[in-house]
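Novice: model the structure of this input:
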Amino acid sequence: MRLLALMISTLMALITMNVPAYAAPKHDMEQRFEQIKNHFEYLRNRHAKAQLGPRPFYLVADMDQSELKDKLQSCEKKTFRRTKFSIGHRGAAMQFPEHTKESYEAAARMGAGIVECDVTFTKDRELVCRHAQCDLHTTTNILETPLAQSCSVPPEFDSEGNLINAADIKCCTSDITLAEFKTLKGKMDAANKNATSIADYMNSTANWRTDLYTARGTLMTHKESIQLINSLGADFTPELKSPEVEMPYEGEFTQEDFAQKMIDDYIDAGIDPSRVWAQSFNYDDVIYWVNNDPEFGEQAVFLDGKYDVNVSLAEMESWVANGVKVLAPPMWMLLDVNGNGELVPSQYAINAKTAGLELITWTLERSGLLKDNGGWYYQSINGDNGGQDVIDNDGDKMEVLHVLAQDVGVIGVFSDWPATTTYYANCMGIK
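Specialist: Presented below is the predicted three-dimensional model:
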C-alpha cells in the first residue's frame, strides 16, 4: 500500500508538472522527468532500515551503569531506521575514505538522514567533494600518479631518490581539471610529514582508523553526490569550502559566483530546498544565501570557526536579525561540567538557544579512545581547558550525545560513524 501511495503521489506530480514546485521553469520535459524520477527514488528509500553493525552496542555496553545505559540497552532489539539527527560527516569517515561514493553509501546504510559533501572547485571551475581545496596530497593517491607534478608544491627528491619536502607538499583541486580529478582514488586522510618516500608519506593512517575499505575510494563531483545521496533516500548538507586560491579566481569567478553555483546544482536537480542544509564558516556566504536564495537560506548553517565560547548573546541576536537561523559549533563549545561533575550545557549553548538559534554540532567518532583523553573535540570536558575531566571510556560518547540532544537541544550531530547517532536517536524517538 505504501508503494502504491508513493506511485500515485509521483504520478500526480507528473500530471501537474509541479514536483518540485520551486524548480526553475526553464527545464525541458526530459530534465523534468529526470527530476520526478529522482524524487520518486528518494521517497522510496527515505525510510529504509539502518544497518548499524556492532559498534553502537559496544559503546552502550561500555557505559558506566546509569538509567541512560538501561534505557539504551532496552533498545537493542529495535528495528532501526534513518534519522535526520544522524548526519554523515564526509560520509562515514572513521573507516571509509572521506567524500567518496563508498563513504556516502556506508553513511546512508548506517541511518544517516543527512550526508555531507564539502564543496570546492577544480581548475576548470567544476564543483567537487573534498574537505579542502588543497588536500589532495593527504586524501587521494595523487602523489602516486603523474599528476603529482601538477601540484602547487610537488614532491621533490634528492639525487638518491629520497623525498626531501614532505612537510611542504601541496596539491589542490584547482591545480587539475575535473577530468584529471576523476582519475584519482580516495584514501584515508593522513600524511607522514617526515617521510623520505612517497610510500611512507601515504602509509600513515591513524591507528584508530583502518585501510580495509580503501581499495576503491571513488571520488565524486558535487552533482554526482546529489544524485547518489538522493537515490539513497538521504538529505544534503553541502559545505562551501574557503577557497585557497585568490578570489575572484582567474579574475572573474567571484565568491558569490561560487556560492550561487553550489545552490544552482540543487535547483537543477530538482531538490526541495527543505532537504538542503547549506553550510559555510564564512558568515558572508550564509548571508548571501539568505538574501539571494531565501528558500535555501531558510536553513543555511553558520559554522562557527572562531571557537570563542565567550561570544555574547547580543552578537548571536545580531546573527538572527540578519536571517541566520542555524548555528553549528564543535561539540566542546556546547558542553561544560558543573560543580557536581555532571555534563551540562555551556553558556555559549544557553546564549544560542536564548537568541532563537537552532543548533547542530560536530564531530562524534572523530577521536581515538576516550580513555586516552579524546582530544580536541572534548576539550571542555576532558580537562584540556583547565576544567574537570569527566571523560574516561568510549561509552561516555553516549552520555555526551544525551546531553547534547536532551539538555542542549541540538537538532543534529555530525558523526564519522553515523550508526552511533542513529542508535541513540531511534532509541529516544528522535526523527
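Novice: elements contacting the helix ranked longest in the chain?
Specialist: Longest helix of the chain, by residue count under DSSP state H: helix 29-45. Counting contacts by 3 or more Cβ pairs under 8 Å, 6 or more residues apart in numbering; DSSP states H and E, helix 29-45 packs against helix 2-16, helix 222-231. Glycine gets a C-beta too; all of them are placed from N, C-alpha and C.
Novice: mind splitting the chain into its structural domains?
Specialist: Listed by automatic domain parsing, the domain ranges of the chain are 1-34, 46-117+220-427, 132-202.
Novice: as a markdown table, those domains with distance to residue 211, mean neighbour count and mean pLDDT would be great.
Specialist: Output for the domains of the chain, formatted as a markdown table (distance: least, Cβ to Cβ, whole Å; neighbours: other Cβ atoms under 10 Å; pLDDT from 0 to 100):
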| stretch | distance to residue 211 | mean neighbour count | mean pLDDT |
| --- | --- | --- | --- |
| domain 1-34 | 37 | 12 | 52 |
| domain 46-117+220-427 | 9 | 20 | 97 |
| domain 132-202 | 6 | 18 | 98 |
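Novice: make TSV out of those and add distance to residue 126.
Specialist: Shown next, in TSV, are those (distance: least, Cβ to Cβ, whole Å):
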stretch	distance to residue 126
domain 1-34	19
domain 46-117+220-427	6
domain 132-202	4
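Novice: pretty sure residue 367 contacts residue 374?
Specialist: Yes - with contact defined as Cβ atoms under 8 Å, residue 367 reaches residue 374; the gap is 4.7 Å.
Novice: my read: residue 413 touches residue 83, true?
Specialist: No - the pair residue 413 and residue 83 does not pass the contact test of Cβ under 8 Å, sitting 10.3 Å apart.
Novice: spit out the residues that contact those two alike.
Specialist: residue 421 (Cβ atoms under 8 Å, 6 or more residues apart in numbering).
Novice: residues near residue 118, how many?
Specialist: 23 (other Cβ atoms under 10 Å).
Novice: that one against residue 93, yeah?
Specialist: No - judged on Cβ under 8 Å, residue 118 makes no contact with residue 93 at a distance of 10.8 Å.
Novice: following element in sequence after the helix or strand where residue 290 lies, please.
Specialist: Residue 290 is part of helix 283-292 when elements are defined by DSSP states H and E. Where DSSP H and E defines the elements, the next helix or strand beyond helix 283-292 is helix 294-297.
Novice: once you drop chain neighbours, what's closest to residue 397?
Specialist: The shortest distance from residue 397 to any residue other than its chain neighbours is 5.8 Å, reached at residue 59 (Cβ to Cβ, 6 or more residues apart in numbering).
Novice: look up how far residue 115 lies from residue 174.
Specialist: Using Cβ to Cβ, to the nearest Å, one obtains 24 Å as the distance from residue 174 to residue 115.
Novice: how about residue 379?
Specialist: Using Cβ to Cβ, we find residue 379 at a distance of 27 Å from residue 115.
Novice: swap in residue 336?
Specialist: Remark: distance between residue 336 and residue 115 (Cβ to Cβ) = 30 Å.
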